[in-house]
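>>> Coordinates for the following, if possible.
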Amino acid sequence: MLRLNLTASAVIAISTSAMAGYVVEEAPAWRGDSGTHLYQWENFTSASHETGPNFPENEPFPSGNAILFNFGSGAVISGEQNIYGYGGPLNIHAYAYTDIDTQDVVANISMHGTEILYDQVMLVWRDGIEGGEEGAIFGAASINHWEEVDYGGGNIGAIANVSYTFDLSGISADVLEIGIMLGTEGPHSSLDALTLDIRLGSVPAPGAMAVLALAGVVSGRRRRRR
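Numbering: from 1, shown residues only. Sure, this is the predicted structure:
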């Protein structure tokens, strides 16, 4: 991983070298299927958790289903509407909430400038019950695009598109709340875009639920006759 100490001239260079979305986004094969959700952020409006969340752009505003914060200090919104860590490293948290057990999550991240801490990106989860089960896992990473960039004055950074795949199917609890957490190596990093794909567990169709309910009644009657 490259470390970047930028001069004032390099700061100007990074803030004016715009990116838009992804060079390469690794969408899961199940994107758009029934029982999946997609949340996309590309034009950010809040650089700090103190000024509020960033809502996904593909959801009706304001969506309570997913939110994104930067908990790092010294960040600003750049002219390209990226979250730019001018005064310190970024500390990004993207949260999503569901009513059905989450099975798989794929996070795509587009960054430029100082690189993220690739091996520290993790998913935290909760079952949505106060005092209930919770945990954290690391996912499988894929570097979909990496390009070294010279910002001038000997300062080298990168444009990077990376995806992380998290398999939650082995968790016995119903995972109803998830959070993707990532940080950068230092200041002068820019979050250009982040996408969350979520695949939920299946639920019985209405007809099947009626059959299961009837089976429960019959079973109860049989037990009472004994």
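
>>> Could you use CA atoms for every contact and neighbour count after this?
Noted.

>>> quick one: low-confidence parts of the protein?
In the predicted model, the chain carries pLDDT under 70 at residues 1-20, 203-226.

>>> ranges for the helices of it?
In the chain, the segments counted as helices under DSSP state H are 8-16, 206-225.

>>> what's near enough to touch residue 98?
Applying C-alpha atoms under 8 Å, 6 or more residues apart in numbering to residue 98 gives the contacts 65, 176, 177.

>>> rerun that using 6 Å as the cut-off
residue 176 (C-alpha atoms under 6 Å, 6 or more residues apart in numbering).

>>> how near is it to residue 135?
17 Å (C-alpha to C-alpha, to the nearest Å).

>>> same question, residue 33
27 Å.

>>> These two - which one has more neighbours?
residue 135 (12 against 9; other C-alpha atoms under 10 Å).

>>> check contacts around residue 146.
Per C-alpha under 6 Å, 6+ apart, neighbours of residue 146: 159, 160.

>>> and if we set it to 7 Å?
Applying C-alpha atoms under 7 Å, 6 or more residues apart in numbering to residue 146 gives the contacts 158, 159, 160, 161.

>>> By neighbour count, which of these wins?
Neighbour max across the contacts of residue 146 (other C-alpha under 10 Å) = residue 161, 25 neighbours.

>>> For the closest residue to that residue other than its chain neighbours, give its distance to residue 200.
Excluding the flanking residues, the one nearest residue 161 by C-alpha to C-alpha, 6 or more residues apart in numbering is residue 110, at 4.6 Å. From residue 110 across to residue 200, the span is 25 Å (C-alpha to C-alpha).

>>> Show me where the protein has its strands.
Listed in chain order, the strands of the chain (DSSP state E) span 36-41, 66-70, 76-77, 83-84, 91-97, 102-113, 122-126, 134-138, 140-150, 156-167, 177-183, 189-200.

>>> Name the residue in residue 110 and residue 200 with the higher neighbour count.
residue 110 (26 against 21).

>>> hang on, isn't the more buried one packed against residue 193?
Yes. Between residue 110 and residue 193 there is a contact at 5.0 Å, judged by C-alpha atoms under 7 Å.

>>> For the two, list the residues in contact with both.
residue 21.

>>> Residue 106 contacts residue 167, doesn't it?
No. The pair residue 106 and residue 167 does not pass the contact test of C-alpha under 7 Å, sitting 8.9 Å apart.

>>> okay, those two: which has more neighbours?
residue 106 (24 against 16).

>>> what's the more buried one in contact with, if anything?
Neighbours of residue 106 in contact, by C-alpha under 7 Å, 6+ apart: 163, 164, 165, 166, 196, 197, 198.

>>> Is the fifth one bridged to anything, and to what?
Yep, that's residue 196 we're talking about. residue 39, residue 107 (DSSP bridges).

>>> Could you report the neighbour count for residue 58?
So residue 58, with other C-alpha under 10 Å, has 12 neighbours.

>>> Go ahead and confirm residue 58 touches residue 39.
Yes. With contact defined as C-alpha under 7 Å, residue 58 reaches residue 39; the gap is 6.5 Å.

>>> hmm, back to that, neighbour count and distance to residue 44 for the contacts of residue 106 - can I get that in a markdown table?
Formatted as a markdown table, the contacts of residue 106 follow (neighbours: other C-alpha atoms under 10 Å; distance: C-alpha to C-alpha, whole Å):
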| residue | neighbour count | distance to residue 44 |
| --- | --- | --- |
| 163 | 24 | 20 |
| 164 | 22 | 21 |
| 165 | 18 | 24 |
| 166 | 18 | 25 |
| 196 | 23 | 15 |
| 197 | 20 | 19 |
| 198 | 24 | 21 |
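
>>> Cool, thanks, signing off.
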